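*Asks:* have a look; sequence and predicted model below, questions after that.
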Amino acid sequence: MFLLIFLLASYNSIASSSSILVDFTSHAIQPTPQAYIIEYSPPVGYPPSGSAVEGTTFHSLINGTISATEYTVSVSAILMDGTRQNVGELAVFSSPDAPTLDSIETTEHEATISYFPPQGQNITYHIEYYPEEHKEYSNAIDTKASLVRLRGLDSGTTFRLRIRSVYQGVFSQELIDSTFVTQGTANYDYSSSAELYSVRTLPPNFNLGLQTTTEMTSYEYSKEVEEDSTITTPLVAVITTTTSMEPVTAPPATTVTEEATSTQFITETMPTTTTSSETSAETTVRTTTRRVTTTTTKPKAAPVEVNSGDLGEDHPTETSNSLVNLSEMLQEYGQPSEVFLSDENEMLRLDWEAPENANCEAFFVNYTILTLSRPRSFSLATSDEHANIKMFPEHTLDIRVFCMLAGALSKTWWAHRIAHLSKPKQLENVRVSEVNTDEFYVASIKLMWDWPVYHDFERYKIVISYGIGRAESKEMEVTNKEEFVLLDKLDPSNLYSISVKNASTELSLTSKSTQLDQVTAPIISSTVYPGQISSNSININFGDSDPEQGRFDYYLLTFSGNNKNISKKVEMEHEKSFTFTKLIPGKTYQFSVYTVYKGVRSRPVSADITTYPLKVNQLFPVVGKDYVVLYWDIENFADSDCRFRLSYNADNIPTVSVELKGASRHRFSALKAEVYYTFTITVIMGLGQAAAESESEMITVAIPKGRLQPSIHRQGSRELVVGFDNDLSVFSLLNGSPDNFAVIVSDDTSLNDDNYELKSWFEVKDEDVWGSYRASPSTWNPFDSERVRRASFTVGTDDCVKRNLDEPYCNGILRAGTDYRVKIRMYTDTKVAMETDWGKIEGEKNSDDDEGEEEEEEDDRRFPCHMYLNGCRRKAADNQFSLIPFILSIIVSFFLL
């Protein structure tokens with residue numbers, strides 16, 4: 001019981017609040033299957049590994065997984081016919097556990113936060129903090145530390161703190177959500193932080209050259225999170241003097257603006273001096289380098305409204321005018337020119353180039369911060385073709401530059417730019433796809449990553465830094481979309497540090513760097529060569545590589561074949577000769593040798609070696625007038641690439657050779673009669689230098705000098721009578737004694753399917769085109785006696801109701817009205833076959849009169865019935881009855897004797 005409780009507690013400690021979301025929408029198949037089977041490893045989670053979801057579901061949430069762990073998920077589909085099909089394999093990271101809060105210690109302007117990290121490695125923490133109920137002042141940081149100090153906080157303020165764990169970009173499901181209060185007295189009212197501005201226009205008779213430009217002070221702008229009535233506005237250093245006909249009075253006031261950025265701002269509005277004739281108002285700004293402002297807040301007086309003169313270059317004025325739609329601008333002003341961006345002393349420099357014919361005396365720059373919850377617009381004027389404005393990190397600006405002529409906007413030219421000042425997106429799945437060291441001992445590393453859905457190569461580039469360790473780093477830029485990047489001319493067997501980041505081509509904005517450490521492949525100078533080879537074994541050897549040319553730890557010998565791979569670690573001082581047995585004849589095996597350094601393999605040194613194939617099982621010749629057709633059979637267990645080399649030779653005749661692939665027969669023609677020819681066949685398996693040859697198979701035959709064509713005529717509409725002579729010039733005894741004769745029938749000789757082993761009537765009777773088949777029995781030999789010189793055979797006389805196990809061939813009936821051709825083949829006891837030419841008869845019987853006339857003609861030259869193998873031919877019924885008296889007279893004469 002104690003052990004069970006311990007195991008349950010251990011499981012809960014590693015798989016309590018973690019989960020993975022398996023989304024295989026991109027792997028869905030059509031048509032919709034019955035179900036999808038989801039299997040994952042390690043098999044910890046619920047639903048358990050091997051569970052099924054409906055075929056219309058493309059995602060599954062697996063709870064209770066091991067936190068901060070990489071899961072390998074395999075998805076397969078159960079199709080409608082019940083078969084199973086692999087769909088895809090995914091790598092998914094489970095969410096980490098949340099950290100555990102330890103303590104929060106505060107001072108007047110600082111807070112020290114301590115928390116315990118959860119289980120797992122490579123865990124980072126996302127910390128977010130802001131004044132309670134004022135999320136628009138939120139700050140977020142990412143760190144790996146478990147002890148964090150926040151500085152520059154307002155005194156006496158309640159802050160909301162949220163901390164999540166992050167593993168491989170996956171946030172924890174739970175989080176630390178707490179509050180803390182800084183010490184001291186609250187001195188800032190966040191609810192009254194909005195600044196009001198009046199609309200300022202350029203005065204009449206505006207001349208930029210007569211105005212005085214004041215120095216601009218840097219200011220910051222924090223990214224707003226959600227909609228709120230409180231708006232933080234940028235503050236600038238402005239000293240202006242205004243003359244007015246009406247006296248302007250304003251009570252003294254002190255305004256404090258806090259921003260959770262890197263700069264503190266304290267703005268003081270000095271008391272105004274009022275006279276009957278003029279009013280002087282002076283506004284100053286002091287800037288310090290503290291991160292957060294803490295000052296005393298007093299009731300804010302009504303803003304002083306002044307008529308603005310020339311603010312000079314780079315001094316923006318906020319305007320409440322709504323942004324004019326871009327399409328309307330294009331219709332009124334035409335196509336804009338480009339605005340170029342650059343960094344200059346932590347400011348954003350805008351550059352443009354107006355054409356000479358625009359005649360611009362000055363330029364009016366308007367830019368709008370689009371990414372604020374309430375977009376804000378600012379304007380400035382300059383006489384130069386450039387201007388510096390505040391850098392707004394993590395914001396998007398709509399920048400428009402107009403030409404000014406005689407103090408008014410001109411429509412002769414304008415420029416436009418949407419400027420994204422957020423950090424570029426970090427590249428995902430940066431990986432090393434291949435390491436290699438070539439035969440010249442030059443190493444390289446191939447890098448790959450997943451490109452963002454949209455990547456502007458004019459605005460952004462990929463920067464890759466690499467070097468041995470952290471020193472002597474080299475840098476390369478990728479400005480075009482490529483499938484991979486090759487880092488070449490590296491040193492073998494060295495550890496390289498690689499950094500990949502996405503960077504702006506104009507500004508100093510870069511994404512978070514992805515760091516990789518990769519060992520380059522070692523060198524190899526060994527050679528691989530075979531020893532003794534047989535049909536089922538191979539001896540393999542390889543030489544040494546020189547450790548002085550490049551360091552490595554050991555050798556690795558791999559063997560590929562028989563549907564499996566075998567790897568063998570070989571120490572540097574061990575014997576380097578191995579024999580592999582129980583191999584398949586005629587199969588090509590690959591042997592590769594690597595050197596290995598710190599788990600990284602060198603390029604392979606390989607050898608493809610083929611075991612000797614088996615020779616052909618059977619080689620049968622069919623001999624005719626001036627030709628020989630060879631038939632053979634081969635056992636190719638490994639389904640290897642198989643070729644055959646055939647050749648023949650004879651006395652005073654040069655050797656003729658031919659190489660075939662994918663064949664089981666070949667015809668040699670134009671042979672000389674009464675000459676012995678020796679035919680040879682060799683089996684070749686394997687390609688190129690890995691080709692191996694079998695032993696040769698040979699056979700010698702004599703070419704006959706005669707030619708014979710059997711006589712064929714019809715007997716009824718479904719029978720043929722075939723006659724032929726025992727012509728020894730065709731059926732030469734030089735190739736062996738007769739064993740049996742085959743009557744070969746075909747309705748289409750162009751099929752060329754009369755192989756050595758012939759088909760039976762049962763195999764062809766249901767086909768549209770029968771082709772060649774054997775009608776005579778397998779043991780039929782009409783010339784078993786030397787006295788028999790001529791034989792005949794009637795084709796189509798058997799009913800062939802069922803097959804006979806002892807006799808594969810049957811003399812089945814023919815099709816009426818079909819053109820048939822017949823030839824005779826004699827098989828000898830030496831497995832040599834000799835055959836006649838094809839005989840042919842066409843047409844069918846049309847009437848009984850024609851049949852009677854044909855029989856009468858044949859009766860004139862008939863022999864006695866006992867001389868025919870199948871007896872006398874059948875006649876009409878009346879003819880049969882006319883023979884009865886003749887037969888009775890013969891019987892009576894026999895008894896009288």
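*Replies:* Received the coordinates, thanks.
*Asks:* need the contact list for the nearest residue to G706 once chain neighbours are set aside.
*Replies:* In this structure, G706 finds its nearest non-sequential neighbour in S729, 2.7 Å apart by CB to CB, 6 or more residues apart in numbering. C-beta coordinates here come from the backbone N, C-alpha and C atoms, glycine included. The contact partners of S729, taken as CB atoms under 8 Å, 6 or more residues apart in numbering, are 704-706.
*Asks:* now swap in V745 and tell me
*Replies:* Contacts of V745 by CB under 8 Å, 6+ apart are 720, 770, 772-775, 795, 814, 820-822.
*Asks:* just to be sure, it is in a helix?
*Replies:* No. V745 is assigned strand when assessed by DSSP: H, G, I helix; E, B strand; the rest coil, not a helix.
*Asks:* ok, what's across the strand from it?
*Replies:* Counting by DSSP bridges, V745 is bridged to Y773, V822.
*Asks:* now the strands for the stretch 401-550 of the chain?
*Replies:* With DSSP state E, counting those that start in this stretch as the criterion, the stretch 401-550 of the chain has strands at 408-420, 428-437, 443-450, 460-468, 474-478, 485-490, 495-504, 514-519, 528-533, 538-542.
*Asks:* which of the contacts of V745 count as buried?
*Replies:* For the contacts of V745, a neighbour count by 16 or more other CB atoms under 10 Å gives the buried set as 720, 770, 772-775, 795, 814, 820-822.
*Asks:* same list (these) but as TSV, adding pLDDT and distance to R603.
*Replies:* TSV is the format used below for the buried ones among the contacts of V745 (pLDDT from 0 to 100; distance: CB to CB, whole Å):
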residue	pLDDT	distance to R603
L720	93	71
W770	93	60
S772	95	56
Y773	96	59
R774	96	60
A775	95	65
V795	95	69
L814	93	69
Y820	91	66
R821	93	63
V822	95	66
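*Asks:* I'd like the mean pLDDT over stretch 606-615, please.
*Replies:* Across stretch 606-615, pLDDT averages out at 93.
*Asks:* strands of the stretch 1-150 of the chain, start to end?
*Replies:* 19-23, 35-41, 51-54, 59-63, 70-78, 84-93, 100-106, 110-116, 123-131, 139-143, 147-151.
*Asks:* nearest to T185, of these?
*Replies:* strand 100-106 (13.8 Å; CB to CB).
*Asks:* so which elements touch that closest one?
*Replies:* Using 3 or more CB pairs under 8 Å, 6 or more residues apart in numbering; DSSP states H and E, the elements in contact with strand 100-106 are strand 110-116, strand 176-181.
*Asks:* quick one, what contacts E635?
*Replies:* So E635 contacts 585, 614, 617 (CB under 8 Å, 6+ apart).
*Asks:* let's see 7 Å
*Replies:* E635 makes contact with 614, 617, according to CB atoms under 7 Å, 6 or more residues apart in numbering.
*Asks:* and it, what element?
*Replies:* For E635, there is no helix or strand it lies in under DSSP states H and E.
*Asks:* what's the pLDDT at it?
*Replies:* We have a pLDDT of 86 for E635.
*Asks:* SS state for the residue lying closest to K625 once chain neighbours are set aside?
*Replies:* Excluding the flanking residues, the one nearest K625 by CB to CB, 6+ apart is R707, at 4.5 Å. Secondary structure state of R707, per three-state DSSP, is coil.
*Asks:* how near is R707 to A833?
*Replies:* 16 Å (CB to CB, to the nearest Å).
*Asks:* so where is this protein shaky, pLDDT-wise?
*Replies:* Counting by pLDDT under 70, the chain contains low-confidence residues at 1-17, 119-120, 191-323, 470-471, 562, 842-897.
*Asks:* which residue ranges make up the domains of it?
*Replies:* 19-94, 100-187, 327-421, 428-520, 528-611, 618-703, 711-835 (the TED database).
*Asks:* okay, those domains in a markdown table with distance to I841 next?
*Replies:* Listed next are the domains of the chain as a markdown table, based on distance: least, CB to CB, whole Å:
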| stretch | distance to I841 |
| --- | --- |
| domain 19-94 | 52 |
| domain 100-187 | 85 |
| domain 327-421 | 90 |
| domain 428-520 | 70 |
| domain 528-611 | 47 |
| domain 618-703 | 21 |
| domain 711-835 | 4 |
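*Asks:* distance of I20 relative to P47?
*Replies:* Counting by CB to CB, the gap from I20 to P47 is 12 Å.
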